[in-house]
Structures are given as structure tokens and as C-alpha cells.
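> show me how the following folds:
(one chain, ligands or ions: 1)
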Amino acid sequence: MTASRDTNIIEVANLTKRYGQTNVVDDVSFGVRRGEVFGILGQNGAGKTTLVECLQGLRRATSGSVTVCGHDPLREQKRLAGRIGSQLQESALPDRLRVGEALRLFATPNALPVGDVLEQWGLSAQRKTAFANLSGGQQQRLFIALALQNKPEVVFLDELTQGLDPAARREVWELIRELRRGGTTVVLVTHFMDEAEAVCDRLAVMNAGSLVAAGSPADLIGRYSSPTEISFTVPEGIDPNGMFSTLPGLDKIAMREGRLHLSGRRSLVAHAGAALVGSGTVPDDIATHEPTLEEALLHIIGDQS
Ligand code: ADP
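Alright, predicted model coming up:
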């Protein structure tokens with residue numbers, strides 16, 4: 001991935017983390033631009049958490065370099081205090097710690113007032129509630145509040161919406177968009193393709209420790225997924241070649257089992273629909289196939305194994 005140095009808030013160069021004989025992170029290089037939501041995707045065990053832990057200065061890389069806001073997160077941890085925010089893992093908070101106490105415990109002098117944070121994250125009524133007595137959604141909101149209360153420039157979120165119901169997941173996505181609007185850089189590890197597509201500006205795909213593909217969700221879908229397809233029974237009296245072969249975005253046109261199959265770019269569906277509507281005869285058996293990020297990811301990972 002290339003991006004000019006002065007716009008990158010995170011720079012990773014040839015980063016390797018070795019355990020025993022295995023490079024769990026294997027010669028990974030990329031940059032994260034200031035203000036973007038950067039997603040890291042990959043199967044379990046791909047090395048995502050190890051990578052982001054190196055970015056946060058929580059693990060020492062075997063070789064290579066990382067800078068965050070121009071500093072080495074391991075050796076210059078103090079200079080980054082408050083400038084980076086990390087989502088804690090569940091095990092990091094004692095069961096009996098109350099919500100208000102947790103926020104005070106992790107606050108830097110620059111932190112937002114506890115009352116404001118509680119209100120912003122819908123936790124005011126839980127100020128004195130012990131961590132273990134919070135619902136899954138409330139625990140997750142507390143983790144996000146802890147990551148953000150010091151107004152960091154970069155925030156690291158790992159499996160953010162794990163265990164949340166669909167409505168709560170969408171709320172969290174909206175919060176991430178809000179962070180982006182406020183200029184915060186977000187690095188997000190996720191398993192969820194819908195999440196990656198909904199909130200990430202760019203994605204890096206990891207497989208067996210290596211960074212195997214990178215780009216915007218639309219880029220990855222365009223490069224690695226099968227094309228968009230639309231098929232239907234050709235209405236009587238229409239010459240399919242005459243009518244559809246010049247559609248913008250069309251790559252292939254074929255007749256199979258009485259149905260016309262068109263494939264090409266995503267815009268093809270709209271153009272084919274418009275042509276049919278224009279002809280005054282819209283078949284009622286139109287089927288479409290839209291390429292997905294999940295399909296792209298399976299293709300990317302499949303190509304590597
Ligand atoms: P992901 O987040 O993509 O699921 P991880 O970074 O958690 O992947 O793990 C990548 C690989 O590194 C896994 O095979 C895991 O077992 C191994 N691993 C992680 N931490 C350690 C450790 N402290 N010692 C040895 N192996 C580890």
C-alpha cells in the first residue's frame with residue numbers, strides 16, 4: 001500500500017513477530033492515513049491481534065519498525081499516552097470495578113469529564129454498576145468509552161461488535177462514523193464483512209501472518225469478486241444482441257437455457273433495467289448476483305493456500 005509519509009499517522013515497515021519457528025506476523029508493511037477508518041481482516045489465527053498489539057506497543061516485534069504519530073509505540077510509550085486509545089479485552093477489568101471507577105482509573109489529565117463520557121455513551125444510570133453486572137452491550141460501550149475518553153488521535157478497536165445484537169452493532173457503526181467525522185483515526189480488527197464494508201475506508205487482509213491484499217472495500221470487491229450478473233427471460237419480439245450488447249459496463253452476454261445472462265460492472269444492473277423499462281416489457285423473472293466483500297475475501301485467502 002502506498003501513501004505519502006506526511007499524511008500517514010501510522011507507518012509499518014517490514015514488521016515481523018516470530019514465536020518459536022513461526023512468523024505470526026511476517027514482513028508486513030503498510031501506512032494508515034490520518035482520519036481514516038482502517039480495517040484489518042483475516043481468518044482466526046491470521047495474526048491480526050498480534051499486529052495491532054505491536055502497533056499499540058503491547059508486544060515487541062522481532063524485526064521491522066512501527067511509528068504511531070511519529071513515535072515508536074514501545075520505546076516512546078509515555079509520549080503516546082492519551083494520544084492513542086485502546087479497546088481493552090474483557091479480562092482486563094475486574095468484575096467488581098464500577099463503571100465510574102473504571103473511567104477514572106484509565107483517565108489521563110486530558111480526559112473528558114467522567115459525567116460527560118457517561119452521558120455520551122448512554123451509561124449515566126450505570127455509573128455505580130459493577131462491570132460484571134453490565135449487559136454485553138453496556139460492557140462494549142464501556143470499552144469504547146475507555147478507549148475514547150482521553151480524546152486520542154488514533155484508536156484501536158479489536159472485535160468491537162462481537163456479541164452485540166444487530167441493533168447495537170449498527171449503533172456502534174454510527175459511533176465509528178462519528179469518530180471519523182471528528183478526525184479520529186480508527187484501526188479496526190473485525191471478522192464481519194458487513195461491518196468492514198459499512199465503516200472502513202480501507203482494508204488490509206491478513207493470511208498466515210502476511211498482508212495479502214489491501215484497498216478500499218469497493219477496490220477489493222472489484223478486483224477479487226466475480227462480476228455483477230443479471231439474467232432474465234428475453235421478452236418476445238426483442239433482439240437481445242441489438243438491445244443489450246452495447247450497455248455501459250457490459251463484459252459478457254450469453255444465452256443459456258432460454259435466459260439471457262449479462263455480466264459486468266455493478267452499474268450494469270441499472271442500465272439493463274432501464275433498457276427493459278424503456279422497451280415497455282419487463283420480465284418478471286429477473287435475477288441478479290451482486291459481488292460481495294465476503295466472496296472477495298474467500299477468493300483472496302483461497303488464492304494464498
Ligand atoms: P488473529 O487475531 O488473526 O486471530 P493472533 O494474532 O491472535 O491472530 O494469533 C496469530 C497466531 O499467533 C496464532 O496461531 C496464535 O496461536 C499465535 N500466538 C499468539 N500469541 C502467541 C504467544 N504469546 N505465543 C505463541 N503463539 C502465539
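
> list of residues touching the helix or strand containing residue 40?
Taking DSSP states H and E as the criterion, residue 40 maps to strand 37-41. By CB atoms under 8 Å, 6 or more residues apart in numbering, the residues outside strand 37-41 that reach it are 10, 32, 48, 51-52, 176, 179-180, 185-191, 193, 195-196, 199-206, 297. From N, CA and C alone the C-beta is placed, and that goes for glycine too.

> and if you look at stretch 107-115?
The contact list for stretch 107-115 (CB under 8 Å, 6+ apart) reads 81, 82, 100, 103, 104, 117, 120, 124, 127, 149, 150, 151.

> low-confidence ranges in the stretch 201-305 of the chain?
Along the stretch 201-305 of the chain, the parts satisfying pLDDT under 70 run over 303-305.

> residue of it with the smallest distance to the ligand?
As assessed by CB to the nearest ligand atom, the ligand sits closest to residue 206 within the stretch 201-305 of the chain, at 6.4 Å.

> next, count neighbours for residue 169.
20 (other CB atoms under 10 Å).

> pretty sure it sits against residue 195.
Yes: the criterion here is CB atoms under 8 Å, and residue 169 meets it with residue 195 at 7.1 Å.

> between these two, which contacts overlap?
By CB under 8 Å, 6+ apart, the residues touching both residue 169 and residue 195 are residue 161.

> skip the chain neighbours and tell me the closest residue to residue 137.
Excluding its sequence neighbours, the residue lying closest to residue 137 (CB to CB, 6 or more residues apart in numbering) is residue 168, at 4.5 Å.

> and the pLDDT at residue 28?
pLDDT, residue 28: 98.

> repeat that for residue 140.
Per the predicted model, pLDDT is 83 at residue 140.

> what about it, distance to residue 165?
Per CB to CB, to the nearest Å, residue 140 is found 11 Å from residue 165.

> looking at the two, which one has more neighbours?
Shown here are residue 140 and residue 165; by other CB under 10 Å, residue 140 has more neighbours (24 against 12).

> residues in contact with that one?
160, 161, 163, 164, 168, 172.

> excluding covalently adjacent residues, which one is nearest to the residue of the stretch 201-305 of the chain closest to the ligand?
residue 42 (3.7 Å).

> contacting residues for the one you found?
So residue 42 contacts 48, 205, 206, 207, 301 (CB under 8 Å, 6+ apart).

> mind listing what's buried along stretch 7-24?
8, 9, 10, 11, 12, 15, 16, 17, 23, 24 (16 or more other CB atoms under 10 Å).
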